[in-house]
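In: sequence first, then the predicted structure, then my questions.
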Number of protein chains: 2
Amino acid sequence: MKLKAKYVDVDTGEISVVMHDFDCAEMGIRERDRVKVGHEGKTTVAIVTTSDTVVKKGEIGLLGSTFHTIGAEDKEMVDVMASSKPESVEYIRKKMDGAELNTAEINTLITDISSRTLSNIELSAYVTALYIQGMNLRETADLTKAMVASGETISFDNGPVYDFHSVGGCPGNKITLLVVPIVAAAGCTIPKTSSRAISSAAGTSDIVEVFANVALSPVQLKTITEKVGGVFAWGGSLNLAPADDLIIKAEYPLGIDPHAQLLASVMSKKKAVGANYLVIDIPMGVGTKVPTMEEAKVYARDFIQLGEQLDIKVECAITYGGQPVGRAIGPALESIEAISILEGAKTPNSVVEKTVSIAGMLFEMGGDYQGAEKARQLLENGRALKKFREIVEAQGGNPDIKSSDIKVGQFNVDVIAKQSGYVGGIMNKALVRIARTAGSPNDKGAGLVISKKVGNKVDKGETIFTIYADNEWKLQEAVKLAVRLEPIEIQGMVLARVPSFSRVSL
Amino acid sequence: MKLKAKYVDVDTGEISVVMHDFDCAEMGIRERDRVKVGHEGKTTVAIVTTSDTVVKKGEIGLLGSTFHTIGAEDKEMVDVMASSKPESVEYIRKKMDGAELNTAEINTLITDISSRTLSNIELSAYVTALYIQGMNLRETADLTKAMVASGETISFDNGPVYDFHSVGGCPGNKITLLVVPIVAAAGCTIPKTSSRAISSAAGTSDIVEVFANVALSPVQLKTITEKVGGVFAWGGSLNLAPADDLIIKAEYPLGIDPHAQLLASVMSKKKAVGANYLVIDIPMGVGTKVPTMEEAKVYARDFIQLGEQLDIKVECAITYGGQPVGRAIGPALESIEAISILEGAKTPNSVVEKTVSIAGMLFEMGGDYQGAEKARQLLENGRALKKFREIVEAQGGNPDIKSSDIKVGQFNVDVIAKQSGYVGGIMNKALVRIARTAGSPNDKGAGLVISKKVGNKVDKGETIFTIYADNEWKLQEAVKLAVRLEPIEIQGMVLARVPSFSRVSL
C-alpha cells in the first residue's frame, strides 16, 4: 500500500508509525502489529499505532527516528506492507515457559534489543520473564558476550588490565576515587568506567564531574589510560554494551534488576575493556541491593563462575553496607572526603580501610603478596595523590586540585538530636531520599554529612547530620523530609530495666 | 515547577508528557517517571518521555489525551510536580515473586488499568507475570468481579438469563447465529455479546455485521433483548469489563492469553449481563487454543468453579475443533451457511449437530429434560428462522432476510487436488491465514469454502476448497499462500505396502 508521509515530532523510544484505522483494516493489521516502510531503497520495520485523528486516511505518521531512518520528506509517498513479529518475541515466550535459550536465540534477542526492534511491551515481557525464570550460567555467559558484541570494545597496549566494580546500594561509597589512583600509582592499568546515579544520591561519574570531564570517547579512554594508567570515565558516552541501557529503560519503571541481567550488565562492561583482574564489591546489609550474607554469597559465586566463562579472573569482597561508607553523601561532599584522604587525612576510617582492602585485593590478584600494605603505602607516601592529579589533568581538570577548592551547597541546616542516646541504626534509603530532595546528584553541592554513625553516643542537641543544598527551597523540602523520615535512629542508653530481684546467683 | 504547555498531536495509548532533559534533571526525574500536571484545578498524572528536540527547556509536551484531560491551551502555563508510581506496580512485583494478591490489591490493579494509569511496560509486566505465575480460584474470582465493576452492568426484567460462549480457536464456528434464535424462540432471554476477529478469520460480530447493526448501546441491548428475547451485540460498544480490552492490547503483541485472564475475560462479560445459565464451548484439538483433552478438562473445571464463585451455573461442552465447523469461513460465507440451516438445510452436519447440542444443553440447564430434541424442533419447524428475522429487524437489518440475498466476493478461485486420496488433516491456522490474506474479516465477501473435509475421498483434479475475495489482488496473494501452505493434506490411499511373505498365521 502507498501512503503519504506525515512527520510527527515526537519520539516514543520505539520505532513507530501512526496509521489511520481504515488503512489498518484494509491491510488486515492491528494496533501494535508491525509494518515495513520503504522509500527510495531505504526501509525500516515500525510498530503501528492506530488513530483517526493524528493522520487522515491515506496518510502515515512517521515518528521521530522512523522519519530520519527512511529519509522521506513530509507528503512524499512511502511503501507500506505488513511485516511479521521479530523472531525474538518467540524466544521471550520460550523464556516465559521456563525453557533454556540457546546461544543463537540469545544473540538474536540482544541484536533486536540493540536495534530497538522490540517494542516496550516486548522488552518489558523479556525483563519480567527473566526476573521470574532466571538464566543458567551458560545462558548468562552468552547474554554477556552478546551484550559485549552489541557495542564498542577497547584493548590496551599495556596489560594486564585491572578493574573494580561495586554492585551499589550503599550510599557514600566513594572509594573508586581512591582505588583507581592507588592502583595506577603502582604502574598498573585500570580503565575504570562508572555510571551516573539512577536511584542513588550520587554515582561515581556524578562525583568525578565536580572536578573533571567524564564524558570521554573510546579513543580518549584508551589514550588517557595508556598515558597515566587510570581513568574515571562515564560509561554512558563510551557505547560499551549499549543493549544494557535499553534494557534498563524497562527495568527501571518496574523497579526490578533480574539476577542474570545484573551479572551480564556488570561483566559485559568489564569484558568490553578487556579486564583481566576484577574485584567486585558487594555491599551487604539491610537497605542495600543484597540484604543477607546468603544472597551475597550467591552473587559472589555467580560473578566468579561467570568470570571463568569470560576469561576474567574475579574476586569478590562482601562488605558491610548497612550504613553509608564514610560520612559524606552527594557529589561535591563525597569528592572532598575522598581527596582529603589522598591529601593525608586518616578518617573516615571506613573509607580508608575499605579502599586499602579493595586495592590490596587487586594487587594480590596480580601477584603481590602484601597487597593491602602496598596500597596503604601508596596512599600514605603521596604517590596516589600525585597519580590522582595526573588523571584529573588528563581529563581536563585542575592539575593542582585540592579538597579545599571544592564548593559545597551554600545553604545548610544541622539536624540535631531530640534526645540523648546511641545511634542504633541508619536507614540508607531514607538518607538517599533526603539527599536527592536537597538536589543531589544534579545540584553538585547538595547532599549531606553524617556526624554520628552507628554505635556513636549522641547528646541531646548535638548535630546528627547536616543537609547541604544549592537552592534554598530544595533545602527546606529536604529538611521537611528528614523530620518525617528520621533516618538516623537514636536509642536510649537504658535498653531494658531489669528489676534487682531477678539477679540470682547460679 | 511551571512549564509552558505544547500540544503534541499523537496518542501513544498512555497518558504521557514530553519534558526537556534539563527540566527533568532539575526536578530529579527520569524517563518513565511520573509527574502530576495541573491547570486551573484539573490534574492528571502522566508518564514522562524525555527529549531535547520535541520540546524546549521550560516547555512540556502534552500528548493527545493528556492535553484534553487537563484542558490547557497551547502556551498556557501548567504546574508540574514529581509523582510516585501507582501502588499497583508493587502488586505486579508481588505477582512476579509468586505471591497471592488479596482482593483490595486486585481491585486497585484493575482500577489502575481501567484508568490507563499503568504504562505499557507495567501492563506488559502484569500479563507476563500472570502468564507465568497464574492465579488461584479466589484471585481469579476477584479479578473477574473487579473487571465487571470497571464497566457497565445490565439487568433484564424477564429472567433467567441464558448465555453461551465459545473459547474460540476453531474456524467456521458460526453456531451463535443459530443458538441465539433457537433459545429465544423458546421464550428464553439470551443477550449474546460477541467480539470481532482478533487473529481469526471472522468473529461473530464480523459475521452478523453482514446483515445487521452490531454496535449497540447498553440501552439498546436491554430493549432489544427484552422485546425479542435474543440479540447479537458487539461487546466493543457496550463497555462491559473495559479493563479487558486494555489488557488485550498487551497480550496481543506477546501472543499470550494467560489462563486466569482468559477465564476472567469470558466470565466478566457474562456476569455483566447477569447470566444465570451459561454453556461454554471448548473446541479442542491440534491448531486450536486447547490442543489436548487434558487441557480442555482443566478449562472446563475452572469455568465451572469460577461460575460457582460468581453465582452463574456453568456447563462446558468440549467439542472437536481439529478442523473447521462446517464448510464456510469468512463473514458473508458463514452467514449464508448459518441462514441456510435456519431455512431448512440439513447440512453441514457438523454445524447442525453442534448447534442442537449446545442449545439443548441450555434448555436442560433451565429444566427441560429433552433439550436437544426441543432445539431440533425449533430449528425444523421454522420458529428459529422467524425469531432470527425478528432479531435482525430489531438490529436494523432486513426483516425478510434470505441466505440468497447475501453477496460473496466477486472474485474466486478453486483449489484442486494434485493427486487422488483421502483428506488426512486440515490445518486450521493455515486456512485462517489464507482467508485473512483474501481480505477477511474486513472485506465481508472474502473467505473460503471447503469442499473436502477430513476422511473425504478426493480424486485428482477435484476442487478441495474455493477462495473468495472482494479484491482481485488480494485473491492472488491468498492463492499464492494456499499453494505454499497446502492447508488440506491429501494422503494416498495405500498407507503402507506390506510384502506378502510377512502375512503369517498365528
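Out: Great, that's in hand.

In: wait, a helix at A:Glu26?
Out: Yes - residue state for A:Glu26 (DSSP: H, G, I helix; E, B strand; the rest coil) corresponds to a helix.

In: which one is it nearest to, not counting chain neighbours?
Out: Counting by CB to CB, 6 or more residues apart in numbering or on different chains, B:Asn442 is the residue found nearest to A:Glu26 once chain neighbours are left out, at 6.6 Å. Bear in mind the C-beta positions are built from the backbone N, C-alpha and C, glycine included.

In: the one you found: how many residues sit nearby?
Out: The criterion is other CB atoms under 10 Å in any protein chain shown. On that basis, B:Asn442 has 18 neighbouring residues.

In: what secondary structure does it sit in?
Out: Following three-state DSSP, we place B:Asn442 in the coil state.

In: tell me the contacts of it?
Out: For B:Asn442, the set of contacting residues under the criterion of CB atoms under 8 Å, 6 or more residues apart in numbering or on different chains consists of A:Ala25, A:Glu26, A:Gly28.

In: same question for A:Val231.
Out: Residues in contact with A:Val231, defined by CB under 8 Å, 6+ apart, are A:Val180, A:Ile190, A:Pro191, A:Lys192, A:Leu216, A:Leu221, A:Ile224, A:Thr225, A:Ile391, A:Ala394, A:Gln395.

In: who's in contact with the residue in the stretch 151-300 of chain A that chain B sits nearest to?
Out: Using CB to the nearest CB, the point where the stretch 151-300 of chain A gets nearest to chain B is A:Pro253, with a distance of 4.5 Å. Counting by CB under 8 Å, 6+ apart, A:Pro253 makes contact with B:Arg32, B:Asp33, B:Lys85, B:Val89, B:Ser119, B:Ile121, B:Glu122.

In: over to A:Asp112?
Out: For A:Asp112, the contact set (CB under 8 Å, 6+ apart) comprises A:Pro86, A:Glu87, A:Ser88, A:Leu118.

In: kindly reformat these as TSV containing secondary structure and neighbour count.
Out: Below are those laid out as TSV (DSSP: H, G, I helix; E, B strand; the rest coil; neighbours: other CB atoms under 10 Å in any protein chain shown):
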residue	secondary structure	neighbour count
A:Pro86	coil	21
A:Glu87	coil	14
A:Ser88	helix	23
A:Leu118	coil	27
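
In: just give me the closest of those residues to chain B.
Out: Comparing the contacts of A:Asp112 against chain B with CB to the nearest CB picks out A:Leu118 as the nearest, at 9.8 Å.

In: am I right that the closest one is in contact with A:Tyr126?
Out: Yes - using CB atoms under 8 Å, A:Leu118 is in contact with A:Tyr126, at 7.3 Å.

In: picking that back up, the contacts of A:Pro253: which ones sit near chain A?
Out: B:Arg32, B:Asp33, B:Lys85, B:Val89, B:Ser119, B:Ile121, B:Glu122 (CB under 8 Å from any CB of the partner chain).

In: wait, the last one sits on B:Glu87?
Out: No - in this structure, B:Glu122 sits apart from B:Glu87 without contact. The criterion is CB under 8 Å, and the distance is 11.5 Å.

In: quick revisit: can you list the contacts of A:Asp112 in a markdown table and add distance to chain B and pLDDT?
Out: A markdown table is the format used below for these (distance: CB to the nearest CB, whole Å; pLDDT from 0 to 100):
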| residue | distance to chain B | pLDDT |
| --- | --- | --- |
| A:Pro86 | 11 | 90 |
| A:Glu87 | 12 | 91 |
| A:Ser88 | 12 | 94 |
| A:Leu118 | 10 | 93 |
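
In: give me the buried subset of the contacts of B:Asn442.
Out: By neighbour count, with 16 or more other CB atoms under 10 Å in any protein chain shown, these hold A:Glu26, A:Gly28 as buried.

In: follow-up on the earlier one: just the contacts of A:Pro253: which are in helices?
Out: The members of those that map onto helices under DSSP state H are B:Val89, B:Ile121, B:Glu122.

In: between those, which is nearest chain A?
Out: Closest approach to chain A among the ones in helices among the contacts of A:Pro253 (CB to the nearest CB): B:Ile121, at 4.2 Å.

In: can you give me the neighbour number for the residue lying closest to that closest one once chain neighbours are set aside?
Out: Across the structure, with CB to CB, 6+ apart as the measure, the residue nearest B:Ile121 apart from its sequence neighbours is A:Ser124 (4.2 Å). Using other CB under 10 Å, A:Ser124 has 29 neighbouring residues.

In: same deal with A:Gly396?
Out: Neighbour tally, A:Gly396, other CB under 10 Å: 12.
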